[in-house]
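Engineer: Could you look at this predicted model? Sequence included:
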Amino acid sequence: MDNYQTPNLLLYIHPLASFCHKVLIALYESGTEFEPRIVDFSKEDSSAELFAYWPVGKIPLLLDRMRDKTIPETSIIIEYLDEFYPGPQKLIPSDSKLTLETRLWDRFFDLYISVPMQKVVLDRLRPEGQRDGLGVEEAYHTLKIAYDMVEGQLGSKTSQTWISGDSFSMADCSALPALFFADTLLSFRETHPKTTAYFDRLVERESVKRTLIEAEPYFEFYPFHDKIPKRFRKQNG
């Protein structure tokens, strides 16, 4: 007899989308059961359901079937999960100072690393003659500044393991996909040792490993796939 029950949570995602990775890491950290639904924007029947719930059409998007709630935006999704579907360790610290620090660095990785990274990637996909050279130049400049600030944050406290303290948090969920893809555009490995060590700690996290393993079959569709380190690609033979 099949005892399977449909999970309360439905998550609209694409396995190659960096912002989806952020939420997937949070879900795998908490061990919360959910149903993933891949959205293919090239197929109207695949994307129509997403747009019906959230006309902006951005992923990830979380539906809570039990509470009849639609939750958009990565940080809001993670805060919602931490409130209603918490795991063994909270991703939003209870301490008010650490809470603000976590939210700050969560937004920092989104706005100053993920967003400029996506600017460069999307520009590569544009036809010749429609590219934004100045915008790409500004994006690279933002990445340089952001790397320096991350390096400074990691060096601001003795033996700081994670970006906002000693506990893995929402900010670290945001950091991994931002740094993973940004490194393929402007590598920090030879210039920012603390950031490199932090990234290496992140990729050893089980939630991160699972997310990257699931994304790997789609890496070939990433415009800078040749810059993804071999350790994250399946070995042939």
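Structural biologist: Sure thing, it's come through.

Engineer: all helices of the protein, in order?
Structural biologist: 18-30, 44-53, 74-84, 96-109, 115-125, 133-154, 170-182, 193-202, 206-215 (DSSP state H).

Engineer: Contacts only, for T184.
Structural biologist: Y222, F224, K227, I228 (Cβ atoms under 8 Å, 6 or more residues apart in numbering). C-beta: built from backbone N, CA, C; applies to glycine.

Engineer: Distance to E83 added to those residues, as CSV?
Structural biologist: Converted to CSV, the contacts of T184 look like this (distance: Cβ to Cβ, whole Å):
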residue, distance to E83
Y222, 33
F224, 36
K227, 38
I228, 35
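
Engineer: Neighbour-wise, which one of the residues you listed leads?
Structural biologist: I228 (19 neighbours; other Cβ atoms under 10 Å).

Engineer: Was I right to think that residue contacts Y218?
Structural biologist: No - under the criterion of Cβ atoms under 8 Å, I228 is not in contact with Y218, lying 11.1 Å apart.

Engineer: so what does the lowest-mean-pLDDT helix or strand in the chain touch, helix or strand wise?
Structural biologist: Each helix and strand of the chain was given a mean pLDDT (mean pLDDT, DSSP states H and E); the minimum falls on helix 44-53 at a mean of 92. Under the contact definition 3 or more Cβ pairs under 8 Å, 6 or more residues apart in numbering; DSSP states H and E, helix 44-53 sits against strand 9-13, strand 61-64.

Engineer: Looking at the first one now, give me its mean pLDDT.
Structural biologist: Model confidence over strand 9-13, given as mean pLDDT, is 98.

Engineer: Surely D123 is in contact with L134?
Structural biologist: No - in this structure D123 lies outside contact range of L134 using Cβ under 8 Å: 10.5 Å.

Engineer: So for those two, which residue has more residues nearby?
Structural biologist: D123 (16 against 8).

Engineer: Tell me who's in contact with the more buried one.
Structural biologist: R131, D132, G135, V136.

Engineer: what's the most distant pair in those residues?
Structural biologist: Pairwise distances across the contacts of D123 (Cβ to Cβ) peak at 8.6 Å, for the pair R131 and G135.

Engineer: on that earlier part again, by neighbour count, sort out the buried ones in the contacts of D123.
Structural biologist: When those are checked for burial by 16 or more other Cβ atoms under 10 Å, the buried set is V136.

Engineer: which one of the contacts of D123 sits closest to E204?
Structural biologist: Taking the contacts of D123 together and measuring to E204 by Cβ to Cβ, the closest member is V136, at 32.1 Å.

Engineer: What distance do you get for that closest one to K119?
Structural biologist: 7 Å (Cβ to Cβ, to the nearest Å).

Engineer: repeat for S156
Structural biologist: 28 Å.

Engineer: Which one's more surrounded, those two?
Structural biologist: K119 (19 against 9).

Engineer: my read: the more buried one touches G133, true?
Structural biologist: No - in this structure, K119 is not within contact of G133 by Cβ under 8 Å, at 11.5 Å.

Engineer: anything in contact with each of these two?
Structural biologist: In contact with both K119 and G133: no residue, using Cβ under 8 Å, 6+ apart.

Engineer: what ranges of the chain fall below the confidence cut-off?
Structural biologist: By pLDDT under 70, the low-scoring segments of the chain are 1-4, 157-159, 235-237.
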